[in-house]
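Engineer: Provided below are the primary sequence and the corresponding predicted coordinates.
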Amino acid sequence: MKALSIGWALVILVLCLIPGETLPDSTLLSFDKVGHFGMFFIGALLWLWTWPHHTGRVLAAGIALSMGTEISQGLIAFVGRSPEVLDVVADIVGLLAGFGVLLWIQRRGHAALT
């Protein structure tokens, strides 16, 4: 599971650093924001499942990954992309939603056992 979790972080890096000319134009509620939400939602599920006793660290690392990819987009010229605050917002909302869903699943599992 650890390899899958780390691999997913690498997938996020690759997807966020694909050169901009290969991507379609985006708007506020575009596929881009849904994609950011989804990447970090899945990431949260994987990362928190792999490291369940490190919730704060996992969420902090997810936020750092989100911010780092956006900053990298602005610093790496050949990527041809610019950082967007709304991408970070979508990433963080995805992280929190993933955390909430996993917490809900865990609580329902415990409730079913009692």
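Structural biologist: Great, that's in hand. Numbering: from 1, shown residues only.

Engineer: in the helix ranked longest in the chain, what counts as buried?
Structural biologist: For the chain, the helix with the greatest residue count under DSSP state H is helix 85-113. Of the residues in helix 85-113, 87-88, 90-92, 94-99, 102 count as buried by neighbour count, 16 or more other C-beta atoms under 10 Å. Using the backbone N, CA and C atoms, a C-beta is placed for each residue, glycine as well.

Engineer: Repeat that for stretch 59-75.
Structural biologist: Quick answer for stretch 59-75 (16+ other C-beta under 10 Å): 59, 61-63, 65-67, 69-70, 73.

Engineer: Also stretch 32-49?
Structural biologist: Neighbour-count burial for stretch 32-49 flags 32-33, 35-37, 39-41, 43-49 (criterion: 16+ other C-beta under 10 Å).

Engineer: what's the closest of the buried residues of stretch 59-75 to residue 107?
Structural biologist: Set against residue 107, the nearest of the buried residues of stretch 59-75 by C-beta to C-beta is residue 59 (18.0 Å).

Engineer: mean confidence score for whatever helix or strand the closest one lives in?
Structural biologist: Using DSSP states H and E, residue 59 sits in helix 55-75. The average pLDDT for helix 55-75 rounds to 95.

Engineer: rewinding a little: out of the buried residues of helix 85-113, which comes closest to residue 10?
Structural biologist: Among the buried residues of helix 85-113, and counting by C-beta to C-beta, the member closest to residue 10 is residue 91, at 15.7 Å.

Engineer: need the contact list for residue 50.
Structural biologist: 1-2, 4-5 (C-beta atoms under 8 Å, 6 or more residues apart in numbering).

Engineer: CA atoms only: put stretch 48-58 into CSV for me.
Structural biologist: C-alpha atoms of stretch 48-58 as CSV (Å, rounded to 0.1, in the frame of the first residue of the first chain):
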residue,chain,number,x,y,z
LEU,A,48,-4.5,8.3,5.2
TRP,A,49,-5.2,4.6,4.8
THR,A,50,-1.4,4.0,4.5
TRP,A,51,-0.5,6.3,7.4
PRO,A,52,-3.7,6.3,9.6
HIS,A,53,-1.9,7.6,12.8
HIS,A,54,-0.3,10.5,11.1
THR,A,55,-3.4,12.5,9.9
GLY,A,56,-1.9,15.9,10.6
ARG,A,57,1.3,15.1,8.8
VAL,A,58,-0.5,13.6,5.9
